[in-house]
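Chemist: Here's my sequence, what's the structure:
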Amino acid sequence: GYTTREAVASIVENNLYGLDIDDRAAQLAYFAVMMKARQYDRRFFSRGIQPHVYAIVEGNHVDKFAVDYFCNGDMKLTTAMDTIIKELHDAKEYGSILTVTPQDWSALYDRFAEITEDINMSRETALRELLPLVQVAEALAQKYDVVVTNPPYMGASNMNLKLNEFIKNNYADYKSDFFSAFVIHASQMTKQSGYCGFFTPYVWMFIQSYEKMRNYLYNQATIETLIQFEYSAFEEATVPVCTFAFQNRHVQKKGCYLRLVDFRGGMEVQRQKTLEAIKNHDCGFYYEQNTDNFSIIPGSPVAYWASTKMLEAFQTGNKFAGETKKGVLTGDNNTYLRLWHEVNIGKIGFELYSHAEMIDSSMKWFPVTSGGEKRRWYGNFDTIVNLENDGADIKANVKNYRLRDSQYYMLEAITWTEISSSIFTCRYVPKGILFGNGGPVSFFFNKKLMYHLALLNSKVAMEILGYLAPTINYGPEQINRIPIVYSNED
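Modeler: All right, here's what the predicted structure looks like:
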């Protein structure tokens, strides 16, 4: 066995490594490790043990004379240092997502030990500039038993040019956000028998742009635990978050999931509910699920709370019968959209039932769906759009407009509000109303329109959309994935 003092020394020397792109963050982490060690060994500061906690350093401006002095004509050392310097070029732009080639670390550290007592004008420069490079390179090149991180959250639009190109070239399938690329990289840094743990936004669990990341976790890893927090539980984060851990290989087993989305009151409430679920698996918010079942649902969302009956509905249900679309996008709603009572009613084209009738009418304004407040069955038809002369003014003055699928103009349909923080509600659209962008529609052409309207306004549809659209974005893609089970009496 080990004494407490021996255990502390062994852990700090052999088991803990840390990297951060920010110098101050690395200093704080270093301090935290040292203070934790001193908690168990009061003389730890005097033992000369240094944690492997480093700030990322760059190879951009390394002193060439210091490199020559350090390598001392040894080709292996020269090749190793040249590779490290090259691979850590602009390292502050990328951070620990960089991949570094493994080297003969013992030979490099032996050389540092050798020059420590040397008398040479380049000695101090070599120790000051080259040693941190080797330490960071070693930390990046190693394989670990456990990798834990709260990766940076950054969409592609917020990345600088270098980082954006790096992610596209190296993590093309996971480029939706910096954190998703980090998850894959952390898996690559981990031994096959090891584990990874993360604290990330939970959008990856559901949205289509993260589907390849989900499939990686389903096929190359095994999710062991996942906690989905309440939307605003973590005050320091500006996005809804989850924490999860996976084994870095795929095995057939069920993972453990906690659904804390309904418990408001901050992280202390979330902590209490987590402890409650650990003690009592019948609490109502603890679930066990095999990731193989997630692929049953279109898009493979992490729908861990889906019941067996619900999974059967996705397996055996009929395809959604409607043709679901987003329609007229003016590109400048302030100019081209009005409420019907704001214009001369004589210029509004009512009771027109096709694109051809719209053009022949010579009217300026036409009714259009535009989402609106929560409302079931019928209504919210108070918006009109300027499509005079087939939208000639829009086509001449706006770049990002969309006026297509005119064969569907003015047809009977079902509509809903695409983005809503409230419950999902649908409304019947009679003939004579255009379909807009904020109010997507589904056309049925006499194929059970009212049956689908009733279903979409039911608690069943709301439950299904909890798996397909938990981010409250009800686009055509999500609605098209709803399975339909027809009544035997229909």
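Chemist: Buried residues in the lengthiest helix in the chain, which are they?
Modeler: Longest helix in the chain by number of residues (criterion: DSSP state H): helix 23-40. Buried residues in helix 23-40, counting neighbours by 16 or more other CB atoms under 10 Å, are found at Ala26, Ala29, Tyr30, Val33, Met34, Ala37. For every residue, glycine as well, the C-beta is placed using N, CA and C.
Chemist: helices or strands up against it?
Modeler: Judged by 3 or more CB pairs under 8 Å, 6 or more residues apart in numbering; DSSP states H and E, helix 23-40 is in contact with helix 4-14, strand 17-20, strand 52-55.
Chemist: Reformat those as TSV; add mean pLDDT.
Modeler: TSV is the format used below for those (pLDDT from 0 to 100):
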stretch	mean pLDDT
helix 4-14	92
strand 17-20	94
strand 52-55	94
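Chemist: Let me know which of those is tucked in deepest.
Modeler: strand 52-55 (a mean of 20; mean count of other CB atoms under 10 Å).
Chemist: C-terminal to that one, what's the next element?
Modeler: helix 64-71 (DSSP states H and E).
Chemist: how far out from the middle of the chain is that next one?
Modeler: 44 Å (CA atoms, centre = their mean, to the nearest Å).
Chemist: what's the average pLDDT for that helix?
Modeler: For helix 64-71, the mean per-residue pLDDT is 91.
Chemist: now for that helix, which elements pack on it?
Modeler: By 3+ CB pairs under 8 Å, 6+ apart, helix 64-71 packs against helix 75-87, helix 105-115, helix 123-125.
Chemist: who's in contact with stretch 185-202?
Modeler: 96-97, 99, 140, 142-151, 153, 171, 177, 179, 183, 216, 220-221, 224, 228-229, 237, 239-249 (CB atoms under 8 Å, 6 or more residues apart in numbering).
Chemist: Give me the buried entries from the residues you listed.
Modeler: 96-97, 140, 144, 147, 149, 151, 153, 171, 177, 179, 183, 216, 221, 224, 228-229, 240-248.
Chemist: re the thing from before, nearest to Arg338, of the helices and strands packed on helix 23-40?
Modeler: For Arg338, the closest of the helices and strands packed on helix 23-40 is strand 17-20, at 53.2 Å, according to CB to CB.
Chemist: ok, Leu339 - contacts?
Modeler: Residues near Leu339 by CB under 8 Å, 6+ apart: Asp382, Thr383, Ile384.
Chemist: hmm, which of these are the buried ones?
Modeler: Listed as buried from the contacts of Leu339 are Thr383, Ile384; burial here means 16+ other CB under 10 Å.
Chemist: What sits closest to Tyr218 if chain neighbours are left out?
Modeler: Using CB to CB, 6 or more residues apart in numbering and skipping the chain neighbours, the partner closest in space to Tyr218 is Thr291 (4.4 Å).
Chemist: what residue is smack in the middle of this structure?
Modeler: Geometric centre of the chain, nearest residue: Trp204, 3.8 Å, by CA atoms, centre = their mean.
Chemist: surely that one meets Lys212?
Modeler: No. The pair Trp204 and Lys212 does not pass the contact test of CB atoms under 8 Å, sitting 10.2 Å apart.
Chemist: State whether Ser442 is indeed within a strand.
Modeler: Yes. Counting by DSSP: H, G, I helix; E, B strand; the rest coil, Ser442 is part of a strand.
Chemist: Around it, count how many other residues there are.
Modeler: Look at Ser442: counted by other CB atoms under 10 Å, it has 24 neighbours.
Chemist: As a check, name the ranges of all strands in the stretch 101-250 of the chain.
Modeler: Taking DSSP state E, counting those that start in this stretch as the test, the strands found in the stretch 101-250 of the chain are 144-149, 190-201, 222-228, 241-247.
Chemist: closest to Lys253 out of those strands?
Modeler: strand 222-228 (6.3 Å).
Chemist: Show me what the closest one packs onto, helices and strands only.
Modeler: strand 241-247, strand 255-259.
Chemist: about what we covered before: what distance do you get for the residue nearest to Tyr218 to Ala303?
Modeler: Thr291 sits 10 Å away from Ala303, going by CB to CB, to the nearest Å.
Chemist: got it, and Tyr94?
Modeler: From Tyr94 to Ala303 the distance is 34 Å (CB to CB).
Chemist: and the two? which has more neighbours close in?
Modeler: Ala303 (24 against 20).
Chemist: what's the closest non-adjacent residue to that one?
Modeler: Nearest residue to Ala303 in three dimensions, chain neighbours excluded: Tyr467, at 3.8 Å (CB to CB, 6+ apart).
Chemist: Including distance to Asn164, could the contacts of Leu339 go into TSV?
Modeler: As requested, the contacts of Leu339 are exported to TSV (distance: CB to CB, whole Å):
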residue	distance to Asn164
Asp382	42
Thr383	38
Ile384	41
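Chemist: from the contacts of Leu339, which is closest to Gln208?
Modeler: Thr383 (28.3 Å).
Chemist: Need phi/psi at Glu342.
Modeler: Reported as degrees, to the nearest 10, the phi and psi values for Glu342 are phi -90, psi -10.
Chemist: whoops, Lys254 was the one
Modeler: phi -90, psi 140.
Chemist: ok, Leu311 - contacts?
Modeler: Leu311 touches Asn293, Ile296, Ile297, counting by CB under 8 Å, 6+ apart.
Chemist: 7 Å instead?
Modeler: Leu311 makes contacts with Asn293, Ile296, as judged by CB atoms under 7 Å, 6 or more residues apart in numbering.
Chemist: list the buried ones in stretch 251-260?
Modeler: Neighbour-count burial for stretch 251-260, with 16+ other CB under 10 Å as criterion, is recorded at Lys254, Gly255, Cys256, Tyr257, Leu258, Arg259, Leu260.
Chemist: can I get the CA coordinates of it in CSV?
Modeler: Provided in CSV are the C-alpha atoms of stretch 251-260 (Å, rounded to 0.1, in the frame of the first residue of the first chain):
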residue,chain,number,x,y,z
VAL,A,251,-20.0,-2.3,-25.7
GLN,A,252,-23.6,-3.6,-25.5
LYS,A,253,-25.0,-2.1,-22.3
LYS,A,254,-27.5,0.5,-21.1
GLY,A,255,-26.4,3.9,-20.0
CYS,A,256,-27.9,5.9,-17.0
TYR,A,257,-29.7,9.1,-17.8
LEU,A,258,-31.1,11.8,-15.5
ARG,A,259,-33.8,14.2,-16.9
LEU,A,260,-33.7,17.3,-14.7
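Chemist: what about this protein, any weak spots by pLDDT?
Modeler: Residue ranges of the chain with pLDDT under 70: 237-238, 420-422, 446, 471-472, 488-490.
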